[in-house]
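Predicted structure and sequence below. I'll ask about it afterward.
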Amino acid sequence: MMPPAIACVDLVRRFGTFTAVDRITLQAHVGSVFGFLGPNGSGKSTTIRMLCGLLAPTSGQAIVDGIDVARDPESVKRRIGYMSQKFSLYEDLTVRENLEFYGGIYGIGRRGRRARIDETLERTDLTDNPDTLVRELSVGVRQRLALGGALLHRPRILFLDEPTSGVDPISRRRFWSLIHELTAEGATILVTTHYMDEAEQCDRIALIRSGKLVADGSPADLKRELMPWPILSIDCANPFEALDIIARTPGVRDAALYGVHIHAVVEDTAVADALRTALEASGHAVYRIEGVAATLEDVFVAAAEGDADA
Amino acid sequence: MRRPRSRTAAILRKELLHIRRDTRSLIVAVLMPVALLLIYGYGVSSDIKNIRLGVADWSDTRESRELIGAFTNSGYFRVVRRSDRYQDLHRALDRREIGVALIVPTGFARDLARGRPVRVQMLVDGTDPNTATVASGYADGIIQSRSAALGREWAVRHGQPFPRGAPPIDARVRVLYNENLRSADFLVPGLIAVILAMTSALLTSGTIAGERERGTIEQLVASPLRARELVLGKIAAYSLISFVNVLLVVLVGTLLFQAPLRGSLLLLMLASAVFLMAALGQGLMLSARMPTQQTAITAALMTTMVPSVLLSGFYFPISSMPLPIQWFTAIIPAKYFMVITRGIFLKGVGLPELWPQLVMLALYSLLILSAGMRAFKKTL
């Protein structure tokens, strides 16, 4: 088997007394999309910064494309593409000028650069506005351009830190089809996101909370491992008040609002009858109760609240 | 594949685009030095007039009255006090009622008639060294021209020059290299140094801190770009603007203020280029060290304006500063550049006289640029 494209072992980063990343171990295989999930401030960006050679780890090891990042960060930098969480293109430059600049600092010769830029514009669907100033572009287009900047030198490994935050659904879909296109060509992509539909599209995801790895596996694995209990979706009157009644019903492990419905994690689907009785007794009309498959969001909420290991 | 030169060029091109897009800042950057030169030039260098003169005419002869008349007729002096008592004049100087006192000795006319040089005593209020320098310069000029006239009269009357080749009136106040009695000649070359020090450091002070504020620095750090390439690319871009500033300031200084450019223009440009590296490098180093653009710009102003005006020898001669301060001035690049600009403009001297300053500037540039590169590395 091929060695992993990205691997870290017991990676730790402390800022003073605060431990931002606490012994994280993970592996991303060549040609896969690795999703990195966790609440804000849980240490995702810090981990990515260490993997990209921007930040030295306090302890532990990070290996990217077979290179020990701590030993030779500059080699790693040449091989990877990085899209930081903060938008980091020059707003007073045009689309093409930004790409020209990236081509320059990644050492792409002037002769090859033009063709490479045209190819990148094509690929990121930016051929319509190569001469538009970046400040005039929408967030979705900007993020595609940022990805283009990270792709220009044809890295085998890409780190994308929340590339689709603030991007509209259609642009997000376009962005992700590009991600799949790249992995199909053999690229490895580590991406952080808050969108569950995006997480579902990853080959493997890691959940991180307060700097610690909570779970790691394929979306299906995670649902199975972290959500061994069945879930009932309840549609009733006054869901807000009903939530409390449901949570107190014996056999219910956890209940949370899920849109206008309530998702209850139960020990057995037979609890449905008890729930219906309890709700109707307290004057809440019950429209429907049905068993549903766990979504990643169920898993994520449970894990983020610290109930996953209960 | 390593292509450091193309990476430096990429930074250079990018910075030039920033500069071109931000037309308003570009205009400010180009016009500010000229505007400063005009403001300072007119504000500081306009010749001082109506200096209050106190006179003790112990000779009280036609000759002594002619000498005093020469002072008042020059337009620079106005006699506001006459007294026969030396102490009166001294007290008037203490109280700043007069700026200059002129004492004509008892034997003035008699000695002149006998062909003996006479000494005229001048007291100058030194509390404002700038005015004092200018005032003594004027006085010196007036006395010299009066003295020359007396010498000619003597020669006509006696058919031979004034005895012993001495000038008839001995005035001891002298201003070197400003024999035209025009303060602009002295001030403009110094001003050029001060203004370039300030504006150049200001230009670069925002650039790295600005990238940090906007978040673009993260992308630069994540790339194979080296600190050296970033620093050199940025310096190259801003030195283009700064060089335009040099040309404009020299042009305005020589054409509008008519400062004489006696030495080599080429040497002046070369020295300016070396000095620009130091000044731009100082701004860049601060930019890499300071957390925000605002603090970097403020730091650049504080570390260039105050020292280059006060401690460079622009206003106050370094030799009259306390010894520790004199040592401190060694780290102010404007000090060396000022010696160079004044040397080239006023004395017309060249490399043989100015190389030590040039070497110091080059050394300073190297140090500050490598400090800038190290400072940027720390933000990795």
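On my side now, so go ahead. Numbering: from 1, shown residues only, chains lettered A, B, ... in the order given.

what sits against B:Arg62?
Listed by Cβ atoms under 8 Å, 6 or more residues apart in numbering or on different chains, the contact set of B:Arg62 reads B:Ala109. In short, each C-beta sits where N, CA and C put it, glycine included.

State the pLDDT value of it.
B:Arg62 carries a pLDDT value of 89.

try A:Met1
At A:Met1, pLDDT is 64.

so what's B:Val30 up against?
By Cβ under 8 Å, 6+ apart, the contact set of B:Val30 is B:241, B:244-245, B:248.

do that again at 6 Å, thanks
If you count contacts by Cβ atoms under 6 Å, 6 or more residues apart in numbering or on different chains, B:Val30 has them with B:Val244.

Figure out the helix or strand that it lives in.
helix B:23-45 (DSSP states H and E).

May I have the beta-bridge partners of the residue in the stretch 151-300 of chain A positioned nearest to chain B?
Closest to chain B within the stretch 151-300 of chain A is A:Phe159: 8.4 Å, counting by Cβ to the nearest Cβ. A:Phe159 has these beta-bridge partners by DSSP bridges: A:Tyr82, A:Leu190.

wait, doesn't it sit right on A:Tyr82?
Yes. Contact criterion Cβ atoms under 6 Å: A:Phe159 and A:Tyr82 qualify, at 4.9 Å.

Mind listing the shared neighbours of those two?
A:Cys52.

Point me to the residue of the stretch 51-200 of chain A nearest chain B.
For the stretch 51-200 of chain A, Cβ to the nearest Cβ, closest residue to chain B: A:Gly104, 2.2 Å.

Assumed that residue was part of a helix.
Yes. Applying DSSP: H, G, I helix; E, B strand; the rest coil, one finds A:Gly104 inside a helix.

so what's it up against?
So A:Gly104 contacts B:6, B:10 (Cβ under 6 Å, 6+ apart).

now A:Arg116
Shown in contact with A:Arg116 (Cβ under 6 Å, 6+ apart): A:Ile108.

tell me which element it is part of?
A:Arg116 belongs to helix A:110-123, assigned by DSSP H and E.

Give the buried residues for that helix.
For helix A:110-123, burial by neighbour count (16 or more other Cβ atoms under 10 Å in any protein chain shown) applies to A:113, A:116-117, A:120-121, A:123.

pLDDT weak spots in the chain?
You didn't say which chain, so I picked chain A. Counting by pLDDT under 70, chain A contains low-confidence ranges at A:1, A:304-310.

oops, chain B please
Those would be B:1-5, B:43-48, B:94, B:96, B:126-131, B:172-184, B:320, B:378-380, if you go by pLDDT under 70 across chain B.

If we use 50, what do you get?
Within chain B, the stretches with pLDDT under 50 are B:1-2, B:174-181, B:379-380.

Quick check, the residue in it closest to chain A?
Proximity of chain B to chain A (Cβ to the nearest Cβ) peaks at B:Ala10, 2.2 Å away.

In space, what's closest to that residue - neighbours in sequence excluded?
Sequence neighbours aside, A:Gly104 is the residue nearest to B:Ala10 in space, at 2.2 Å (criterion: Cβ to Cβ, 6 or more residues apart in numbering or on different chains).

Same check on A:Glu241?
A:His284 (7.2 Å).

wait, doesn't the one you found sit right on A:Asp235?
No. Checked against Cβ under 6 Å, the pair A:His284 and A:Asp235 is beyond contact range at 10.8 Å.

helix or strand for A:Val141, which one?
With DSSP H and E as criterion, A:Val141 is part of helix A:139-151.

which other residues reach that helix?
Residues outside helix A:139-151 that contact it (Cβ under 6 Å, 6+ apart) are A:81-83, A:89, A:95, A:102, A:120, A:124, A:163, A:166-168, A:171.

Please compute how far it lies from its chain's middle.
17 Å (Cα atoms, centre = their mean, to the nearest Å).
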